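Peer 1: Based on what follows, work out the 3D shape:
(one chain, ligands or ions: 1)
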Amino acid sequence: MAIQIQSSSTWVKALLTTGTVSGIAIDATDLTQKAVARHGFKEDKAIQSFGESVLGALLLASHCKKGEHINLNIRSSGVVFQAVIDAYPDGSVRGYVVPRESSTPYSIGENTGPWGDGLLSVLRTKDISQERPYIGTVPLVTGKLAKDLTFYWAQSEQVPTALGIVVNVHEGKVHGAHAFMVQALPGASDKDLKWIEDQVFHISNQLEPKQALAHLFQNATFSFLETKNLSFKCHCTLGRVERALALVGEVELNSMIENQNGAEVKCDFCSENYIVGKEKLQELIKNSRRHEP
Ligand SMILES: [Zn+2]
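Peer 2: Residues are numbered from 1 along each chain as shown. Next up is the predicted model:
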């Protein structure tokens, strides 16, 4: 049973009429709130990190070609241990953060943002072809996701970029989840590059996407290219869960049958719970024996 949750959130893309600078603005407030409710995340700092990584992944996916998707994986010394988000160019996203146990305190340097130290990896995969996926990894330098993603674009993709991410959370509720990104395209002039650099200090995020882009491109002529609705979507199914269980081995499966009368498996990406009965587990064991040499 694949999970799909629609939202009123959107991204809007725009292009300078010179064709040398592209822009995107996202309001993912509703999407983030619905995903948080789905997962049952409670802690404000974890919710904020989740929202930031959802926005970061959507910004990255907005540059994918059709049939590609990205996986953003952040390992952090900060308020969450890890964030894993899949995002698609159709505006769908799934994923989770692993909050740090309250017993293991996090370590963040004095001038470092909430992500602390760590590694940010982006895996760009083609859905069908056998082509090798592209992987780019950069260290977390500032601990602020927007800045570290700007560094990623410069370092790993060699695209001059300015981007901003702002997520406001209070008492478990997402009050705002906004992001924008402007990028130089081939043929960009030095003036364009200087302008992009200046936008880093020009973050005004609490606007709906079209207003945010109009605000960003205020002194230039530009056109809106695309408005897309964003959704939370996972493609896990009972069949996939059973195939994964088939790989855990006979001993483990037997212990599930004896101790739990079956298996209960939760999908990390969407928190869907799957119950696999004892008869099915016995069948998996039988099949695995058949495949042994
Ligand atoms: Zn799932």
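Peer 1: contacts and neighbour counts: CA atoms only from here.
Peer 2: OK.
Peer 1: From the rest of the structure, what touches the helix or strand bottoming out on mean pLDDT in the chain?
Peer 2: Here the helix or strand of the chain ranked lowest by mean pLDDT, DSSP states H and E is helix 190-199, holding a mean of 82. Helix 190-199 has contacts (Cα atoms under 8 Å, 6 or more residues apart in numbering) with 20-21, 160-163, 182-184, 216.
Peer 1: Out of these, flag the one nearest to the ion.
Peer 2: Nearest to the ion among the contacts of helix 190-199, counting by Cα to the ion, is residue 163 at 29.3 Å.
Peer 1: so is that closest one in a helix, a strand, or just coil?
Peer 2: Reduced to three states with DSSP: H, G, I helix; E, B strand; the rest coil, the structure at residue 163 is strand.
Peer 1: show me where this structure has strands.
Peer 2: Counting by DSSP state E, the chain has strands at residues 3-16, 21-27, 68-76, 80-87, 92-99, 118-126, 134-139, 161-170, 173-184, 222-234, 262-266, 273-277.
Peer 1: ranking those strands by burial, who's on top?
Peer 2: Most buried of these, by mean neighbour count (mean count of other Cα atoms under 10 Å): strand 21-27, with a mean of 26.
Peer 1: now that one: mean pLDDT?
Peer 2: For strand 21-27, the mean per-residue pLDDT is 94.
Peer 1: Also stretch 40-54?
Peer 2: Across stretch 40-54, the average pLDDT comes to 96.
Peer 1: Got the domain ranges for the chain?
Peer 2: Residue ranges for the domains of the chain, per automatic domain parsing: 3-234, 238-291.
Peer 1: want to throw those into a markdown table with distance to the ion?
Peer 2: Putting the domains of the chain into a markdown table (distance: least, Cα to the ion, whole Å) gives the following:
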| stretch | distance to the ion |
| --- | --- |
| domain 3-234 | 5 |
| domain 238-291 | 4 |
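Peer 1: Low-confidence ranges, the stretch 151-293 of the chain, go.
Peer 2: Scanning the stretch 151-293 of the chain with the threshold set as pLDDT under 70 gives 200-206, 291-293.
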